[in-house]
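Colleague: coordinates only, sequence not included:
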Ligand SMILES: C[S@@+](CC[C@H](N)C(=O)[O-])C[C@H]1O[C@@H](n2cnc3c(N)ncnc32)[C@H](O)[C@@H]1O
């Protein structure tokens with residue numbers, strides 16, 4: 001069991017700690033500016049390079065060496081960087097330990113947006129950590145944070161809060177947050193991080209799954225559960241200890257039952273699906289009949305070897321023999337469960353009782369993802385409308401092209417002039433979908449101004465294209481599915 005969780009000492013010192021970190025310019029932007037990235041691996045081999053890039057010149061580098069890279073710093077330098085907070089105070093708070101003129105961090109403490117977030121020191125992606133290790137903000141944490149719909153007010157649940165990042169972000173826009181975790185140390189960190197950031201609207205409860213909130217419903221639920229399908233139960237943050245994808249299915253189904261009408265849940269998931277089949281099929285079975293509309297998002301499918309190799313890579317870097325054994329064990333486990341493809345993605349639920357719920361499926365473009373709350377609301381509004389409308393109804397709708405788009409054309413010179421070879425319409429926010437569009441669609445797009453009904457836009461376009469009468473007849477039926485798809489993806493919006 002890892003020992004230290006910050007939070008002893010006098011919490012009244014925390015505003016001064018925070019102010020000192022800010023004064024030293026210890027920000028994500030500065031880290032990115034000085035080290036070239038703020039997604040730092042903490043593998044020793046990389047840390048050695050980061051330390052050399054950072055140098056020792058100023059208070060920022062003292063704090064980054066200590067709290068980000070886990071290096072020891074001279075006490076004198078830290079006195080200066082953290083002033084007026086004395087090292088004894090940082091030590092009493094459980095943040096550092098000092099000996100013989102040198103200070104080491106007892107936690108990792110990093111900026112994230114306008115928050116500071118403490119988590120366990122030690123290898124972020126390593127496997128040489130205890131069961132109750134509390135990692136910091138990882139790539140999936142950021143994915144979940146970007147996906148969340150951020151309506152103002154109401155109550156939120158952060159299930160499996162870890163270091164508390166999702167709860168901190170929810171506290172910015174809801175009235176009250178409940179943050180739960182099965183790991184007591186995680187709750188210690190989450191509570192410390194709330195106090196460090198001056199947030200007092202989060203309630204922390206320990207327990208398994210939804211047990212700590214049995215009777216309660218929420219307007220927002222976020223969960224980044226330990227979704228890795230494996231034979232192991234080695235880390236609370238990674239392994240559910242349940243067979244295959246049972247934990248994810250349970251979390252999704254229980255989240256649906258704990259939403260208020262109109263409330264949203266966002267759950268990161270991993271699941272087994274037939275290699276040759278539709279990735280979405282098992283997820284549809286999870287959400288069918290749950291009383292929610294469900295948007296199923298998929299970013300990757302791995303075969304068993306890629307899956308095991310990816311999760312076990314850190315072990316490969318530290319112990320070749322253990323790595324080989326673990327690979328065999330994981331592959332045997334997956335073979336026994338007859339799992340030949342493992343999907344990764346997210347499920348967005350919105351509670352809507354009393355109607356037929358819809359379940360669209362889309363890719364989740366992970367690398368290009370931007371905060372997606374407004375985009376998600378647009379997609380849900382479009383799906384609601386499309387469920388109700390036949391083609392005649394659709395033709396009466398005034399639609400607008402969302403301002404956050406970009407059209408990319410690829411041109412090639414043909415017989416003395418540049419001609420468009422292909423055109424891609426991209427969203428510049430949210431899930432940043434990109435779709436290929438033909439030249440007719442390109443000509444239509446600027447006419448979606450939110451005032452003209454679709455019928456008039458298509459009539460106008462028909463005239464511009466100088467279509468033959470029979471082409472004109474085919475034009476509207478051909479355009480309608482394209483318009484539907486652009487609405488479903490959030491390129492067009494309802495007015
Ligand atoms: C992948 S971490 C996510 C942490 C954080 N929410 C984030 O987004 O970075 C999963 C968290 O779920 C917690 N957890 C694992 N099993 C749980 C369970 N059965 N009930 C509640 N929390 C659980 C772990 O202790 C861990 O803190």
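Modeller: On my side now, so go ahead. Just so you know, these numbers come straight off a predicted model, no measurement behind them.
Colleague: ok, residue 413 - contacts?
Modeller: Going by C-beta atoms under 8 Å, 6 or more residues apart in numbering, residue 413 touches residue 419. To be clear about C-beta, it is placed using only N, CA and C from the backbone, and glycine gets the same treatment.
Colleague: change it to 7 Å
Modeller: Contacts for residue 413 were tallied using C-beta atoms under 7 Å, 6 or more residues apart in numbering; there are none.
Colleague: what's the neighbour count on the closest residue to residue 274 other than its chain neighbours?
Modeller: Nearest non-adjacent residue to residue 274, counting by C-beta to C-beta, 6 or more residues apart in numbering: residue 341, 6.6 Å away. For residue 341, the neighbour count with other C-beta atoms under 10 Å is 19.
Colleague: check contacts around residue 341.
Modeller: Going by C-beta under 7 Å, 6+ apart, residue 341 touches 273, 274, 275, 301, 303.
Colleague: wait, the first one sits on residue 284?
Modeller: Looking back up the chat, that one is residue 273. No: using C-beta atoms under 7 Å, residue 273 makes no contact with residue 284, being 10.6 Å away.
Colleague: give me the more crowded residue out of the two.
Modeller: Of the pair residue 273 and residue 284, residue 273 is the one with more neighbours under other C-beta under 10 Å, namely 20 against 13.
Colleague: quick check: phi and psi at the more buried one.
Modeller: phi -140, psi 160 (degrees, to the nearest 10).
Colleague: show me where the stretch 1-150 of the chain has strands.
Modeller: In the stretch 1-150 of the chain, the segments counted as strands under DSSP state E, counting those that start in this stretch are 73-74, 96-99, 102-105, 107-112, 115-120.
Colleague: counting contacts, what elements does the shortest one pack onto?
Modeller: Put plainly, it is strand 73-74. Counting by 3 or more C-beta pairs under 7 Å, 6 or more residues apart in numbering; DSSP states H and E, the packing neighbours recorded for strand 73-74 are strand 102-105.
Colleague: over to the third one?
Modeller: Other elements packing on strand 102-105 under the criterion 3+ C-beta pairs under 7 Å, 6+ apart are strand 73-74, helix 75-82, strand 96-99.
Colleague: mind listing the strands the last one pairs with, and their directions?
Modeller: The reference is to strand 96-99. Strand 96-99 sits in its sheet next to strand 102-105 (antiparallel), going by DSSP bridges.
Colleague: the residue in the stretch 251-400 of the chain positioned nearest to the ligand: what secondary structure?
Modeller: Proximity of the stretch 251-400 of the chain to the ligand (C-beta to the nearest ligand atom) peaks at residue 268, 7.9 Å away. Recorded secondary structure, residue 268: strand (DSSP: H, G, I helix; E, B strand; the rest coil).
Colleague: OK, contacts around it?
Modeller: Contacts of residue 268 were listed using C-beta under 7 Å, 6+ apart, and they are 140, 143, 144, 224, 227, 346.
Colleague: mind redoing it with 6 Å?
Modeller: With contact set as C-beta atoms under 6 Å, 6 or more residues apart in numbering, residue 268 has these partners: 140, 144, 224, 346.
Colleague: in contact with the nearest residue to it once chain neighbours are set aside, which residues are there?
Modeller: Closest residue to residue 268 apart from its sequence neighbours, by C-beta to C-beta, 6+ apart: residue 224 at 4.8 Å. Residue 224 makes contact with 140, 141, 144, 268, according to C-beta under 6 Å, 6+ apart.
Colleague: what residues are bridge-paired with residue 343?
Modeller: Here residue 343 shows beta-bridge partners residue 271, residue 301, assigned using DSSP bridges.
Colleague: what does residue 203 give?
Modeller: Assessed by DSSP bridges, residue 203 has beta-bridge partners residue 178.
Colleague: what parts of the protein come near the ligand?
Modeller: 137-138, 141, 144, 160-162, 165-166, 180-183, 186, 208-209, 224-226, 236-237, 240 (C-beta under 6 Å from any ligand atom).
Colleague: now a PyMOL select for only the buried ones of these.
Modeller: Restricted to buried positions by 16 or more other C-beta atoms under 10 Å, the PyMOL selection for the residues of the chain next to the ligand reads:
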select buried, resi 137+138+141+144+160+161+162+165+166+180+181+182+183+186+209+224+225+226+236+237+240
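Colleague: okay, and which of the residues of the chain next to the ligand map to helices?
Modeller: Within the residues of the chain next to the ligand, residues falling in helices by DSSP state H are 141, 144, 165, 166, 186.
Colleague: show me the contacts for the first one.
Modeller: If you count contacts by C-beta under 6 Å, 6+ apart, residue 141 has them with 165, 224.
Colleague: at 10 Å instead, please
Modeller: 112, 117, 135, 162, 163, 165, 166, 169, 222, 224, 268 (C-beta atoms under 10 Å, 6 or more residues apart in numbering).
Colleague: relative to residue 112, how far out is it?
Modeller: Remark: distance between residue 141 and residue 112 (C-beta to C-beta, to the nearest Å) = 9 Å.
Colleague: now do the shared contacts for the two.
Modeller: Shared contacts of residue 141 and residue 112 (C-beta under 10 Å, 6+ apart): 163, 165, 169.
Colleague: out of those, the closest to the ligand would be?
Modeller: Nearest to the ligand among those is residue 165, at 5.2 Å by C-beta to the nearest ligand atom.
Colleague: isn't residue 242 right up against residue 228?
Modeller: No: counting by C-beta atoms under 10 Å, residue 242 sits too far from residue 228 to count as a contact (11.2 Å).
Colleague: give me the more crowded residue out of these two.
Modeller: Shown here are residue 242 and residue 228; by other C-beta under 10 Å, residue 228 has more neighbours (20 against 14).
Colleague: beta partners of the more buried one?
Modeller: Under DSSP bridges, the beta-bridge partners of residue 228 are residue 239.
Colleague: wait, it sits on residue 342?
Modeller: Yes: under the criterion of C-beta under 10 Å, residue 228 makes contact with residue 342 at 9.2 Å.
Colleague: list the residues that contact both of the two?
Modeller: 245, 270, 307, 310.
Colleague: list the contacts for residue 269?
Modeller: For residue 269, the contact set (C-beta under 10 Å, 6+ apart) comprises 223-225, 227, 245, 247-249, 251-252, 282-283, 286, 296-298, 343-347.
Colleague: which non-adjacent residue is nearest it?
Modeller: Nearest one to residue 269, counting by C-beta to C-beta, 6+ apart, is residue 248 at 4.3 Å.
Colleague: and stretch 380-399, how far out from the chain's middle?
Modeller: Distance of stretch 380-399 from its chain centroid, counting by C-alpha atoms, centre = their mean, to the nearest Å, is 30 Å.
Colleague: report the buried residues of it.
Modeller: Neighbour counts over stretch 380-399 (16+ other C-beta under 10 Å) mark 380, 382, 383, 384, 386, 394, 395, 397, 399 as buried.
Colleague: cool, and stretch 351-370?
Modeller: Going by neighbour count (16+ other C-beta under 10 Å), the buried part of stretch 351-370 is 351, 352, 357, 358, 359, 360, 361, 362, 364, 365, 366, 369.
Colleague: can you check stretch 485-493 too?
Modeller: For stretch 485-493, by 16+ other C-beta under 10 Å, it's 486, 487, 488, 489, 490, 491, 492, 493.
Colleague: show me where pLDDT drops low in the stretch 51-200 of the chain?
Modeller: Applying pLDDT under 70 to the stretch 51-200 of the chain flags residues 123-126.
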